[in-house]
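# Provide a 3D model corresponding to the input given below.
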Amino acid sequence: MGGMPLANSKPLPPVATDPSQLAKGVTLPQGVKLKTLHWEKIKETEFHDSIWAKVNANPDNFKLELPDFVELFEEKVVIKKEEVKSAESAKVAKVSLIDDEKRVQQFNVAVKKITDMMKLSFSDIRKMVMALDDSELGYDTFINLMYLAPTPDEISKVSSFKGDPVTLDTPSRWVFEMKDIPIFKPRIELYAFSKDYDGDYSLATERVTCIEEYIKFFTEDKRFLAFMKCCLDIGNLINFYDNRKSKSVGFKFQYLKSFMSCKSNNGKLYLMPYLLDKINEQNTDIIDFFQPMFACVNQASTFDLDDVINTMDSLKAKFNQIKTHLESAEKRRPPDEDFISNLGPFFQANVKKCMELGDKARSTKETFLNTVIMMGDDPKKIKGVKTNDIVGEYRKIFQDLAKFIEPILKQKEKEKKSGMKKEKKEKNKRVALDE
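Numbering: from 1, shown residues only. Sure thing, here's the model as predicted:
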């Protein structure tokens, strides 16, 4: 009667009409009108006998991202030409505080790309820079923000602005919103350094290790020392029959080339391949030495150890910057916890290792130069010469030597495979007899 409920009727469930119930506590913005959804409502008298009684009885876990929903389903208002002109006039009326044309163009392109295309607010970006969080922008885009760091001159131009930041044009708004971020540019530079550090450190370590191995090949590897002793003995044997020459206790490494150019009296055979064949017959380990040596020499000839030392000096300077900024971050009120939590652990874990590798690189270079002098290089001639150029001269000798060693290595590999096949055949034969 007149809308009064029947005495025996069951109450209907409450209807969620407030958007905040579906949208994480966010109410519909004032003045926003959504599209009309046309449907036919179920009658109240039919509710309890329908599926909707069961639907409404289930717990409501549905949540709606209201901003996205409104953007998709807002009723768009057709703007008249007069209103468009008015809006354009408003854009022209934006306050501009930055007057450097190149800088203005840079801000307009880069900042609008982030705010418009990636749908990020100035507040969002500010939080990312403070927290050193590149997860949403991506590493490359985030690191490029360093080029948008406000300069002291730009900050001074916007600091006195007391109006609504919304009235500022994009360049001025950017500087205004980012001006209070501590050490904006160094903040991102040092973050990039921390992310790239492992790769730089690993490459420097690999190169120092390569030179260390190079030195060990010439000074400690018994196979190389045995090879050189064979060459010395053969050289003394040849020269023994020349009364003008006396026996030698050693020779400069570069004179290995003489063994490769010395021909037999019939002109068909060179001394070096003859010597290598004899060595292979008696001590095959010496021949096996040359492959790793060739690889090491090739690698060592691709870089200058001074470049490694300079890299380590650069890394050391970056750590000094981090130390200075960490001390400043702790003195701030309030302390810059984001910077401390991001760069502090990285600093503690790596600064000592960086210093040690720098010292090791210098020590390795000194040992390298002493080694090549020991091998017969003139100290005056190698002074100031790049390490890769010195190794390059050794590489030429080994390239010539490789021409004679490669046939021996191929024959050894062929014999190895043949031996494996023979062993497998014999094994299969034994298995067959056992069966």
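
# Just read off the phi/psi values of residue 34.
phi -90, psi 160 (degrees, to the nearest 10).

# Against residue 119, how distant is it?
Residue 34 is 20 Å from residue 119, where distance means C-beta to C-beta, to the nearest Å. For the C-beta atoms, the positions are set from N, CA and C on the backbone; glycine is no exception.

# In which helix or strand does the spatially most central residue of the chain reside?
By C-alpha atoms, centre = their mean, the chain has its centre lying nearest to residue 196, at 4.7 Å. For residue 196, the host element (DSSP states H and E) is helix 184-219.

# chain center to that helix: distance?
12 Å (C-alpha atoms, centre = their mean, to the nearest Å).

# next helix or strand past that helix?
Downstream of helix 184-219, the next assigned helix or strand under DSSP H and E is helix 222-240.

# Give me the contacts around that next one.
Under the contact criterion C-beta atoms under 8 Å, 6 or more residues apart in numbering, helix 222-240 has outside partners 217-218, 245-251, 256, 259, 262, 271, 275, 278-279, 283, 285-286, 288-289, 293.

# just stretch 114-124 next, same as before
Applying C-beta under 8 Å, 6+ apart, the contact partners of stretch 114-124 are 125, 136, 137, 141, 170, 173, 174, 177, 178.

# same deal with stretch 284-299?
For stretch 284-299, the external contacting residues (C-beta under 8 Å, 6+ apart) are 210, 213-214, 217, 221, 223-224, 226-227, 230, 276, 279-280, 391, 394-395, 398, 401-402, 405, 408-409, 412.

# ok so, going back, weed out the non-buried ones from the contacts of helix 222-240.
For the contacts of helix 222-240, a neighbour count by 16 or more other C-beta atoms under 10 Å gives the buried set as 217, 218, 251, 256, 259, 262, 271, 275, 279, 286, 289, 293.

# Where does the prediction get shaky in the protein?
1-32, 38-40, 58-93, 241-246, 421, 424, 431-435 (pLDDT under 70).

# Who wins on neighbours among the contacts of stretch 114-124?
residue 174 (25 neighbours; other C-beta atoms under 10 Å).

# so the host helix or strand of that one versus helix 184-219, what angle?
Following DSSP H and E, one finds residue 174 within helix 170-178. Calculated by axes from the mean of the first three to the mean of the last three C-alpha atoms, to 10 degrees, helix 170-178 forms an angle of 80 degrees with helix 184-219.

# so after whatever helix or strand residue 128 lives in, what's the next helix or strand?
Assigned by DSSP H and E, residue 128 belongs to helix 122-131. Using DSSP H and E, the helix or strand that follows helix 122-131 in sequence is helix 139-144.

# helices or strands up against the helix holding residue 174?
Contacting helix 170-178 under the criterion 3 or more C-beta pairs under 8 Å, 6 or more residues apart in numbering; DSSP states H and E are the following elements: helix 101-112, helix 122-131, helix 152-159.

# Going by neighbour count, list what's buried in the second one.
Buried residues in helix 122-131, defined by neighbour count with 16+ other C-beta under 10 Å: 122, 125, 128, 129, 130.

# okay, now residue 386: neighbour count?
Residue 386 has 14 neighbours, counted by other C-beta under 10 Å.

# list the contacts for it?
Going by C-beta under 8 Å, 6+ apart, residue 386 touches 304, 306.

# Now it: phi and psi?
Phi and psi for residue 386, reported as degrees, to the nearest 10, are phi -70, psi 140.

# Also residue 377?
According to degrees, to the nearest 10, residue 377 has phi -70, psi 150.

# if I look at it, how far off is residue 389?
From residue 377 to residue 389 the distance is 11 Å (C-beta to C-beta).

# ok so, going back, among the buried ones among the contacts of helix 222-240, which two are most distant?
217 and 262 (24.5 Å; C-beta to C-beta).
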